[in-house]
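A.B. asks: need a 3D model of the sequence below.
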Amino acid sequence: MLLFIYHFLKADTLINESLVEMLQVQLFRIDSRLLHGQVATNWARVLKIDRIIVASDQVAQDEIRKTLIRQASPPGLKTNIVPIQKLIRINQDKRFDGMKVLLLVETVQDALRLLLGGIVVPQINIGSLSFDNSKQMISETIAVSEQDVQIFQWMHQRGIKLEVRKVSSDSPKDLWKILTDKKMIQSNLT
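C.D. replies: Below you'll find the predicted structure:
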């Protein structure tokens with residue numbers, strides 16, 4: 001796992017830890033669907049956010065996906081789609097001091113890049129992670145690869161709570177418990 005994390009450390013420049021975080025991340029969500037009706041209407045309303053930020057290098061370059069995401073936004077709520085490194089810079093910009101945001105990423109790897117870049121959150125919400133042949137289904141909506149599990153272990157070891165919840169009214173489920181129950185985590189790491 002350390003080699004995998006090291007790959008990201010080399011790929012992204014870490015922000016100086018003495019810098020002050022400006023954005024107030026009300027919800028940091030990993031969801032392969034990104035912004036859709038449930039997220040847009042429920043979470044944005046309940047959290048009383050100022051802005052939705054989708055952080056994704058791929059989506060930031062895809063005009064069709066950007067248009068669809070903006071169309072899914074609640075009326076009157078600004079939605080930005082930015083590359084990962086740009087969000088890391090924005091997080092240190094005083095112009096965004098105190099802005100309450102809902103932060104969405106598409107992959108566990110993108111979440112890791114943001115954490116390594118200085119985004120600080122006590123918990124991460126996991127909505128849906130799409131299945132492919134390299135992944136194992138661990139719930140109805142979440143499929144994880146070995147790499148995803150390694151990143152979740154890294155997050156857990158740093159005290160970041162990992163919750164599974166579609167909308168705010170659902171009861172949160174502990175992703176770490178799910179991974180442990182599915183025998184994807186060695187008991188000495190819990």
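
A.B. asks: what's the following helix or strand after the lowest-mean-pLDDT helix or strand in the chain?
C.D. replies: Using mean pLDDT, DSSP states H and E, helix 2-11 stands out as the lowest-scoring helix or strand of the chain, at a mean of 49. Remark: after helix 2-11, the chain's next helix or strand is strand 24-31, criterion DSSP states H and E.

A.B. asks: what lies in contact with the following helix or strand past that following strand?
C.D. replies: Heading C-terminal from strand 24-31, the first helix or strand you meet, by DSSP H and E, is helix 37-38. Helix 37-38 has contacts (C-beta atoms under 8 Å, 6 or more residues apart in numbering) with Ala72, Lys166, Val167. Where C-beta positions appear, they are placed from N, C-alpha and C, glycine not excepted.

A.B. asks: tabulate the residues you listed (TSV), appending neighbour count, distance to Val105 and pLDDT.
C.D. replies: TSV is the format used below for the contacts of helix 37-38 (neighbours: other C-beta atoms under 10 Å; distance: C-beta to C-beta, whole Å; pLDDT from 0 to 100):
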residue	neighbour count	distance to Val105	pLDDT
Ala72	17	16	90
Lys166	16	16	91
Val167	12	18	91
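
A.B. asks: which residues touch Gln26?
C.D. replies: Contacts of Gln26 (C-beta under 8 Å, 6+ apart): Leu47, Lys48, Ile49, Lys100, Val101, Leu102.

A.B. asks: repeat that for Asp132.
C.D. replies: Ala143.

A.B. asks: so when I look at it, I'm seeing a helix, right?
C.D. replies: No: under DSSP: H, G, I helix; E, B strand; the rest coil, Asp132 sits outside any helix and is assigned coil.

A.B. asks: look up how far Ile84 lies from it.
C.D. replies: Distance from Asp132 to Ile84, counting by C-beta to C-beta, to the nearest Å: 21 Å.

A.B. asks: likewise for Phe96?
C.D. replies: Distance, Phe96 to Ile84, using C-beta to C-beta: 16 Å.
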